[in-house]
Every structure is written in structure tokens, then in C-alpha cells.
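[1] sequence first, then the predicted structure, then my questions.
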Amino acid sequence: MKKYRIFTLNVLSDFAFDFEEADFQEADVIFRRGPSLGKEPVKEPIMEFINQSHELLIVDIHNVAEFHIHHNDIVDIYSYMDNTHVNEIALHLLGNIFALIMYRRNVFVLHGSCVSYKEKSLIITGDGGAGKSTLARGFIDRGHKVVTDDLAFIDDQYYVLPSYPSQKLWQDAMDNYGVEEFDHPIYSRQNKYNVSSKKSFLNERIPVGYVVMLCKHDGKVKIEEVKGMDKLNLLLENAYREEFLGMYDLEVAHLQFMVKLAGHVKVYKLYRPSEGFTVDQQITSILEEC
């Protein structure tokens, strides 16, 4: 089995990931590969919880695998078919499955990329396709460090946890940044790739500082600070997979955490044109306002 350090946890895995292995004696999380189920593909792939208990949570991600998450954070993975692509399984392990593991540890998460900024974290949130990773890459090219891509886990001391040195980028962003090397295409996603961020990765916790939500509109780039209840609501809206909270009865604890988090961060909405590559203008707006 291979050893990795992911979101500050020691992970022992039967599945290989696109970043360097770590060195440790004891594992916090174990990913074990079981036999395939021999299931036939379904027409409407969804994620379904087929067992929910303190001892075992079974997540059936249709056409991919069943993930059996035990109470001691051992995860047994049973692929649908023998030829289920390992990259697709790895994608869910680092996303949905890790989110469930961290939620059970009472570590909450915003759906966004995070870079270092003024010795604090700048978390970039927004809907799918808003340009989170693209904007993060713009900061990286200007010398900032990447802390995490896609999921920003925040501990009880209000620090963002480092993920792993890899970033997902769309083809058009790679073209604009002149990125030619990548690890592999993201399985089942057209024109999106895993790109190494080893040289710019900050492998340590960093205090929260700023949250910027990207929004598309028909006008020019502009930024505005969000305050009061709108600030709290924006944080709540950008929680990752809010439906996961119910698996562990965390709805109240999550709300309490977000209320406190709102007191530790400045929150902004950054509006960008729906068309065109405007990362330079977006970064300028952030530098002037934040």
C-alpha cells in the first residue's frame, strides 16, 4: 500500500494518487480495494446512501463503486466492474469520501480553492465553472502558494488545512497560462486535467483571512464586501455537500461553526464577465480591496 499525507491526515491506500508519497508509522485513514461487484451500469448515475449507522456508512456512487466507510476510517472500495477506471475512483476518494471522513471528525469545509495571501488564506468559492481554480492559478503565477484545490477544510482553530500538490484546470485556463504538462485528464471530464503544483504547494496550515465568491454577470469586473447576515448566508451557501451533515447530525454544530467563522474572515463577491479571460482584472480588484 502507498502512503500519503492528505488534509493533515496520514493515508494508507491501495490506490495511487498523482502526488508524492509521505513517510509515517501510523495511518489515520486506510483505503482498501475489494473485489469488483460485477454490477451493470445504470442510466442515471447518482450518489446513494444505502447504509447509515455509527459503525458503517455505505456510499453507492453509481457506475463507479461502493465505498464502505467504517467507524475507524477504514474505507473498503468495491468497484462496479473490473474495468472501472482507478482515476475515477481516486477522484471520489479525494472529494466526496474525504469530505464524509472529515465531517465525522467535526472538520467543516467550504467548496473552493485556497491560496496564501498576506500570510493568511484566500478561499475562492463559487458555482461549478465559475473559475475558482483558474483564479487560484493566477495567484500562483504571481508567487502565492496553493493551499488546497476544490475543498477548503477549516479546523476548530480557524486554520485551512493543506490538501496535496495537485490542481484541476480546464484546457482554456491551461492555454492562457501556457501550461503544457499535466498528470492525466480528469476521468469523465472533458478538457479538464490534473496539473502538478508541487513547486508552489504550501504544506502547512494557514489561518483564515478572506473568502471571495466568484459570480458571473454581463458587466465588467467588480468587487464588493459582504457583511451582516448576507456574509453568514454566503458562507453557508458555499459549504460542500450540505446534505452530508445529516449523516452525522451536524447541522447545529455546522451553523454554530459558520457563525464563528464569519467573525474571523472578510467576505467578498467578485463579479466577472461571463465571457473572456479576465483573471488579471480580477486579481487587481482583490489586491485593491482586500
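    Perfect, I can see it now. Computed from a predicted structure; not experimentally measured.
[2] CA atoms for contacts and neighbours, from now on please.
    Noted.
[3] what's the neighbour count on residue 44?
    8 (other Cα atoms under 10 Å).
[4] an error on my part: the question was meant for residue 127.
    14.
[5] confidence score at it?
    Residue 127 carries a pLDDT value of 88.
[6] likewise residue 180?
    On the pLDDT scale, residue 180 gets 57.
[7] can you map out the helices along the stretch 1-150 of the chain?
    For the stretch 1-150 of the chain, the helices defined by DSSP state H, counting those that start in this stretch cover 86-92, 98-104, 132-141.
[8] point out where the stretch 151-290 of the chain drops to low pLDDT.
    Scanning the stretch 151-290 of the chain for pLDDT under 70 picks out 170, 173-174, 178-190.
[9] please repeat the previous calculation with a cut-off of 80.
    Counting by pLDDT under 80, the stretch 151-290 of the chain has low-confidence residues at 167-194, 196.
[10] where along it do the strands fall?
    151-154, 159-160, 166-170, 184-185, 192-196, 206-217, 222-226, 266-273 (DSSP state E, counting those that start in this stretch).
[11] for the residue nearest the centre of the chain, give its distance to residue 145.
    Against the mean C-alpha coordinate of the chain, by Cα atoms, centre = their mean, the closest residue is residue 151 at 2.1 Å. Distance, residue 151 to residue 145, using Cα to Cα, to the nearest Å: 16 Å.
[12] equivalent analysis for residue 26, please.
    Distance of residue 26 to residue 145, computed by Cα to Cα: 28 Å.
[13] looking at the two, which is more packed in?
    Using other Cα under 10 Å, the more surrounded residue of residue 26 and residue 145 is residue 145, with 23 against 9.
[14] that one: what's it in contact with?
    When contacts are counted by Cα atoms under 8 Å, 6 or more residues apart in numbering, residue 145 touches 115, 116, 139, 200, 201, 202.
[15] hang on, the fourth one packs against residue 142?
    In other words, residue 200. No - between residue 200 and residue 142 there is no contact under Cα atoms under 8 Å: 10.5 Å.
[16] neighbour-wise, which of the two wins?
    residue 200 (17 against 9).
[17] contacting residues around the more buried one?
    Residue 200 makes contact with 140, 143, 144, 145, 146, 165, according to Cα under 8 Å, 6+ apart.
[18] mind saving the C-alpha coords of stretch 45-62 as PDB?
    Presented in PDB, the C-alpha positions along stretch 45-62 are these (Å, rounded to 0.1, in the frame of the first residue of the first chain):
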ATOM      1  CA  PRO A  45     -25.700   7.900 -12.200                       C
ATOM      2  CA  ILE A  46     -26.300   9.300  -8.700                       C
ATOM      3  CA  MET A  47     -24.900   9.000  -5.200                       C
ATOM      4  CA  GLU A  48     -26.900   6.900  -2.900                       C
ATOM      5  CA  PHE A  49     -26.500   6.100   0.800                       C
ATOM      6  CA  ILE A  50     -27.600   2.500   1.300                       C
ATOM      7  CA  ASN A  51     -26.500   2.100   4.900                       C
ATOM      8  CA  GLN A  52     -26.200   4.700   7.600                       C
ATOM      9  CA  SER A  53     -25.000   3.800  11.100                       C
ATOM     10  CA  HIS A  54     -22.300   4.700  13.600                       C
ATOM     11  CA  GLU A  55     -20.400   1.600  12.700                       C
ATOM     12  CA  LEU A  56     -20.700   1.700   8.900                       C
ATOM     13  CA  LEU A  57     -21.700   4.200   6.200                       C
ATOM     14  CA  ILE A  58     -22.100   2.700   2.700                       C
ATOM     15  CA  VAL A  59     -22.000   5.200  -0.200                       C
ATOM     16  CA  ASP A  60     -23.000   3.900  -3.600                       C
ATOM     17  CA  ILE A  61     -21.700   6.100  -6.400                       C
ATOM     18  CA  HIS A  62     -23.500   4.600  -9.400                       C
END
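[19] and it, what's buried?
    Within stretch 45-62, the residues that qualify as buried are 56, 57, 58, 59, 60, 61, 62, counting by 16 or more other Cα atoms under 10 Å.
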